[in-house]
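Engineer: Following is a predicted model, sequence given first.
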Amino acid sequence: MNPAITNSILNKLEMDNKEILDFVKNNSYSIPRLPKVLKAKNDVGDSFSIAYSIQGILKYHGLTDWNQRIAYFPSISVNNNSVFTITYLKFDDQIKKDKAYLNGEELKNEKLNRIKKSLDMIRAYSKAKNKAILISRNFCTNNLTDLKKGISDSKIGKGLGTSASGSAALALAAISILYDNDPDYINNERLRSIFSRYLAGSGARSAVGGFGIWFSYPNIDPFDSFAIRLDKKVHKSFIDNISLITIPIFSDIETKSAHKIAPESPFFVPWLKNRRDQIYEFFEGLNSKNLKKIGNLAEFDSLCLHSITMTGGKINGNRLFAWSPKTLRILKLLNDIDDVYYSIDTGPSIVLLTMKKFKDKLIRTIKDEMPQLKILDGKIGGPSRVLKTDSFEAKLLKDDFDKYIN
């Protein structure tokens, strides 16, 4: 842990999380309780699921407990329906060892171990024993019509939150199987988000949908590190009018590397100290339906995140610089455009937040300047959900299913 993170800082982070949780309770948010019994009702079966990627508004970097995937402080993100993960999971006593296939490739070594670790945590809580086969594919699309026609793209730009959607999809499929599709388990935000935390911490927020907050601080009880959705029915018209314009940009940067070096940055502790007040600002923006306030927070925190990444520890002797020339060119272009705000997570890709009435002009402006860019026109996505076997989304895994299962 960073030597600058003293006991007084640790105490502050715990108190800040408690204050935020109390604030949420006092503002009529329901804090779900875990089901009394976590022992699995069944450990044989299969399930399809879908979850949406996340884009950070108030982001997180660094983990205080890699085993439990506990962050230093609470974080807020928004689900993006342009980028999502569809997953098939099967538990069976005939499966001798865990296997995983992502985007048509069998995972090995460290990548497989991350999946196994997530499954092991879920099995430990549920007391399930059986091994599993996971088939998962990421999709990056402008609209569902393309998918229904068989047009899809699993090549995803870096920094678009697919680790989170993959984690949430895996967790919900597991819950669906282990608890026999019992609504008391499938619809329990606390259980869903806790199980979704183990492959990627942000999976907790992907699981709940919309604008989600993930509660966390060093040494928190793992059952208290969960997520809830923040937008309510009263916010629906505001949420429905927000467009998310996604610009995927490719990179080989690994988020895990950024998490490891971030606490070494001299800017890390000031970032921690500021989080509580930023979360209160977010609530002001949400409750006043003020996208400008939310967007300004997202922009400022994007710059904080990347300044921390660039000034953290070195990787193979080099500083980690996640942006590409395309990223910088887009940011420069945005300086001359009103009513649009950007968010950049760990990578060069950019997601723009704007109101629907501005989106067409925004897309045309970017296309005119940079016609080679892929631009996705999306909106805020919902929570992870179980898919019917005959749904068109589940059928998108047909080739993988036939290859690895049948």
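Structural biologist: Cool, got the structure. Residues are numbered from 1 along each chain as shown.
Engineer: Number of residues surrounding Lys25?
Structural biologist: For Lys25, the neighbour count with other C-beta atoms under 10 Å is 11. All C-beta spots, glycine's among them, are computed from the backbone N, C-alpha and C.
Engineer: I'd guessed it sits against Ile31; true?
Structural biologist: Yes - counting by C-beta atoms under 8 Å, Lys25 does reach Ile31; the two are 6.0 Å apart.
Engineer: Phe223: what secondary structure?
Structural biologist: helix (DSSP: H, G, I helix; E, B strand; the rest coil).
Engineer: what's the pLDDT at it?
Structural biologist: Here, the pLDDT recorded for Phe223 equals 98.
Engineer: any idea which element Asp120 lies in?
Structural biologist: Per DSSP states H and E: Asp120 is located in helix 109-126.
Engineer: what does that helix contact?
Structural biologist: By C-beta atoms under 8 Å, 6 or more residues apart in numbering, the residues outside helix 109-126 that reach it are 38-40, 43, 98-100, 102, 107, 128-129, 132, 134, 167, 170-171, 174, 178-179, 195, 198-199.
Engineer: quick one, phi/psi of Tyr52?
Structural biologist: With angles defined as degrees, to the nearest 10, Tyr52 sits at phi -100, psi 150.
Engineer: which residue sits closest to it, ignoring its sequence neighbours?
Structural biologist: Gly381 (3.3 Å; C-beta to C-beta, 6 or more residues apart in numbering).
Engineer: pLDDT weak spots in this structure?
Structural biologist: 1-3, 142-155, 253-256 (pLDDT under 70).
Engineer: again, 80 this time
Structural biologist: Applying pLDDT under 80 to the chain flags the ranges 1-4, 141-159, 251-259, 315-316, 320, 406.
Engineer: Could I get the full set of helices for the stretch 51-200 of the chain?
Structural biologist: 109-126, 144-148, 162-178, 183-186, 189-195 (DSSP state H, counting those that start in this stretch).
Engineer: hey, which of these is tucked in deepest?
Structural biologist: Comparing the helices of the stretch 51-200 of the chain by mean neighbour count (mean count of other C-beta atoms under 10 Å), helix 162-178 comes out on top with a mean of 30.
Engineer: Helix 109-126 and that one, what's the angle between them?
Structural biologist: 40 degrees (axes from the mean of the first three to the mean of the last three C-alpha atoms, to 10 degrees).
Engineer: helices and strands around helix 162-178, which ones?
Structural biologist: Packing partners of helix 162-178 (3 or more C-beta pairs under 8 Å, 6 or more residues apart in numbering; DSSP states H and E): strand 45-58, strand 75-92, helix 109-126, strand 131-140, helix 183-186, helix 189-195, helix 203-208, strand 385-387.
Engineer: could I get the ones you listed as a markdown table with distance to Gly312?
Structural biologist: Below are these laid out as a markdown table (distance: least, C-beta to C-beta, whole Å):
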| stretch | distance to Gly312 |
| --- | --- |
| strand 45-58 | 17 |
| strand 75-92 | 18 |
| helix 109-126 | 21 |
| strand 131-140 | 27 |
| helix 183-186 | 39 |
| helix 189-195 | 27 |
| helix 203-208 | 23 |
| strand 385-387 | 36 |
